[in-house]
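Chemist: Kindly generate the corresponding structure for this input.
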Amino acid sequence: MSAGTTPRLKAAAPPPPLPRPWTGARIAGHVLMALWALAGAYLVYYLANNVMSDFVRDYWDDYVDGIIITIQLVALSMALGAALSLPIALARSSRNRLISAPAYAYVYFFRGTPLLAQTFLIYYGAGSFRPFLSDVGLWWMFRDAWYCAVLAFTLNTSAYQAEILRGAVQNIDRGQWEAAAALGLKKGVTFWKVILPQALIVALRPYGNELILMIKGSAIASIITIYDLMGETRRAYSRSFDFQAYIWAAVLYLMVVETLRRIWDRLEARLTRHLSRNG
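Modeler: Numbers count the residues shown, from 1 in each chain. Purely as a prediction, here's the structure:
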């Protein structure tokens, strides 16, 4: 070793992990995991044995129709809710109390009450106002279960989407507004061209969660005589009294949710590829 050089120190090897004792909690956790694995294996075995059963042959087409109705209901409600959420989010962010207070009350009500109660209020409660609704030409909508479900789901999801959008806009750095103002851009142009596109990127993951929650919550529509996936399941069970009707419904809901989750992840990765260090 030459003079003036610093000797290199060998990196110390990490200490070996301490042995984990088999406590009661650890044993219980392993037992529960084993039971879950056995239950999952039995479910797969049960479905494999019944995939060609008389029940599946008799009701599979009805299940497919129910899935289509579920997707249509959720897609239409999400689209209408997205359109309605923008003015609600803008009103919630307003400094004028006359504008922000009604928007706050709207969001507070639809986020604070169950979707089931909201659906019942619209579907069953509208009958109390039938003369008025007939006079204004709206009874054709409120007497139809489909339109009532779309309206209830739209109002509910618009409240959630408004809060998602408002939070995403507030998450954008204030410097974006200041930089746009320094360039001479008007506030309206800044919002639509600079702030809103960035806010939508931030809100992608919460929007995906809301979509999945709406898919699962759409089962409520079956209670007001809409034959979505759960509606077809209830009808199949009432005719066959075969419990596998609900097992197949759970599997199909899981398949729809997992498919949408993967599609949304790909969409999010595509839209945020410019933010990735490897992109």
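Chemist: The closest residue to residue 94 other than its chain neighbours: how many residues sit nearby?
Modeler: Among residues not flanking residue 94 along the chain, residue 100 sits closest, at 4.7 Å (C-beta to C-beta, 6 or more residues apart in numbering). No exception for glycine: its C-beta is placed from N, CA and C like everyone else's. By other C-beta atoms under 10 Å, the residues close to residue 100 number 15.
Chemist: just residue 52 next, same as before
Modeler: Burial of residue 52 is recorded as 8 neighbouring residues (other C-beta under 10 Å).
Chemist: same thing with the one 4 residues further on?
Modeler: With neighbours defined by other C-beta under 10 Å, the count for residue 56 comes to 14.
Chemist: just to revisit the earlier point, quick one: contacts for the residue nearest to residue 94?
Modeler: Counting by C-beta atoms under 8 Å, 6 or more residues apart in numbering, residue 100 touches 91, 92, 93, 94.
Chemist: Can you select the buried ones among these for me in ChimeraX?
Modeler: A single ChimeraX command selects the buried members of the contacts of residue 100 (16 or more other C-beta atoms under 10 Å):
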select :91,92
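Chemist: Make JSON lines from the contacts of residue 100 and add distance to residue 24 to it.
Modeler: JSON lines is the format used below for the contacts of residue 100 (distance: C-beta to C-beta, whole Å):
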{"residue": "91", "distance to residue 24": "55"}
{"residue": "92", "distance to residue 24": "50"}
{"residue": "93", "distance to residue 24": "52"}
{"residue": "94", "distance to residue 24": "56"}
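Chemist: Identify, from the contacts of residue 100, the entry nearest to residue 207.
Modeler: Closest approach to residue 207 among these (C-beta to C-beta): residue 92, at 17.1 Å.
Chemist: circling back to that earlier point, can I get the contacts of residue 100 in JSON lines with secondary structure, pLDDT and distance to residue 118?
Modeler: Below are the contacts of residue 100 laid out as JSON lines (DSSP: H, G, I helix; E, B strand; the rest coil; pLDDT from 0 to 100; distance: C-beta to C-beta, whole Å):
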{"residue": "91", "secondary structure": "helix", "pLDDT": "91", "distance to residue 118": "20"}
{"residue": "92", "secondary structure": "helix", "pLDDT": "90", "distance to residue 118": "19"}
{"residue": "93", "secondary structure": "coil", "pLDDT": "86", "distance to residue 118": "24"}
{"residue": "94", "secondary structure": "coil", "pLDDT": "86", "distance to residue 118": "25"}
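Chemist: nearest to residue 111, of the contacts of residue 100?
Modeler: Of all these, residue 111 sits closest to residue 92, with 11.8 Å by C-beta to C-beta.
Chemist: The closest one against residue 103, yeah?
Modeler: Yes. Look at residue 92 against residue 103 with C-beta atoms under 8 Å: they come within range, at 4.5 Å.
Chemist: Please enumerate the shared neighbours of the two.
Modeler: By C-beta under 8 Å, 6+ apart, the residues touching both residue 92 and residue 103 are residue 162.
Chemist: Number of residues surrounding residue 265?
Modeler: Residues near residue 265, counting by other C-beta under 10 Å, number 13.
Chemist: Determine the set of other helices and strands touching the helix or strand containing residue 253.
Modeler: In the assignment (DSSP states H and E), residue 253 maps to helix 244-271. Contacts defined by 3 or more C-beta pairs under 8 Å, 6 or more residues apart in numbering; DSSP states H and E place helix 244-271 against helix 24-50, helix 54-92, helix 204-217, helix 229-240.
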